[in-house]
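Chemist: please find the sequence and the predicted model below.
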Amino acid sequence: MNLIIFFKTGGFFMYPIIMVIALGIAISLERFFYLVKTTNITHKTWKQINPMLKANDFARAQQSIANSDTPLARVLNYGFARYKPNAKRERIEAAMEEGVMEVTPEIEARTHYLATLANVATLLGLFGTVSGLIQAFGAVANADPSEKAELLSASISIAMNATALGLGAAIPLLLIHSFLATKTSKLIDTIEMAAVKCSNLMVDE
């Protein structure tokens with residue numbers, strides 16, 4: 001009941017802040033499940049083809065991931081496409097770097113929106129509070145002098161609700177953004193490391 005009163009007395013800006021929270025939750029969940037799934041598939045794929053690479057069975061390794069659309073498979077397929085006996089390391093490495101550049105935006109997609117939404121929530125909260133304070137001072141301007149202090153304190157308390165909700169949304173969004181950004185970086189590092197190991201095994205110099 002107190003939460004309902006808190007929300008209703010916060011003014012118009014409580015609604016867009018709630019929309020920001022809902023959007024942030026949707027992005028967070030989508031990115032989290034994508035990163036968990038992709039990380040698991042990446043480890044599984046590398047565990048599957050690593051013995052083949054060590055056995056110099058590159059044709060079988062390429063065939064095993066030929067129809068896979070995972071980020072790691074796409075990166076390694078770039079290298080396999082350039083592979084041939086006595087191939088130069090630079091050509092294979094350049095091909096895999098191209099693959100990494102292609103999949104990185106997909107892995108990082110939408111995560112940066114969470115930091116933006118956190119800032120938007122904070123600003124909306126401040127905007128709501130400022131608007132509430134303007135209305136509060138306008139309302140008490142013509143009030144009885146004996147009631148001004150009480151009316152003003154009550155109005156300011158209500159106006160601060162928007163800032164409280166905005167900060168309450170921004171802090172978790174920033175923490176989630178940091179968590180997902182770290183998880184994203186680890187996944188990209190894993191793919192890059194796998195690409196380097198693969199190119200080292202493909203070209204023995």
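Modeler: Nice, thanks for sending it over. Residues are numbered from 1 along each chain as shown.

Chemist: in this protein, what secondary structure element scores lowest on mean pLDDT?
Modeler: helix 2-8 (a mean of 73; mean pLDDT, DSSP states H and E).

Chemist: contact partners for residue 3?
Modeler: Counting by C-beta atoms under 8 Å, 6 or more residues apart in numbering, residue 3 touches no other residue. For glycine as for every other residue, the C-beta is placed from the backbone atoms N, C-alpha and C.

Chemist: for residue 177, same thing?
Modeler: Residue 177 is in contact with 111, 112, 114, 115, 118, counting by C-beta under 8 Å, 6+ apart.

Chemist: tell me how far it lies from residue 190.
Modeler: Distance, residue 177 to residue 190, using C-beta to C-beta, to the nearest Å: 20 Å.

Chemist: and for residue 9?
Modeler: 49 Å.

Chemist: with residue 20 instead?
Modeler: Computed as C-beta to C-beta, the residue 20 to residue 190 distance reads 32 Å.

Chemist: buried ones in stretch 182-200?
Modeler: Within stretch 182-200, the residues scored as buried using 16 or more other C-beta atoms under 10 Å are 183, 184, 187, 188, 190, 191, 192, 194, 195, 198, 199.

Chemist: return the subset of those lying in strands.
Modeler: Among the buried residues of stretch 182-200, none falls in strands (DSSP state E).

Chemist: which of the residues you listed sit farthest apart?
Modeler: Put simply, by C-beta to C-beta the two of those set farthest apart are 183 and 199, 25.2 Å from each other.

Chemist: in three-state terms, label residue 12 for me.
Modeler: Three-state assignment for residue 12 (DSSP: H, G, I helix; E, B strand; the rest coil): coil.

Chemist: which residues does the spatially most central residue of the chain contact?
Modeler: Nearest to the mean C-alpha position of the chain, counting by C-alpha atoms, centre = their mean, stands residue 111 at 1.9 Å. Taking C-beta under 8 Å, 6+ apart, we find residue 111 in contact with 27, 31, 177, 180, 181, 184.

Chemist: which parts of the protein are helices?
Modeler: Counting by DSSP state H, one finds helices in the chain at the ranges 2-8, 14-54, 58-65, 71-82, 89-108, 111-140, 145-202.
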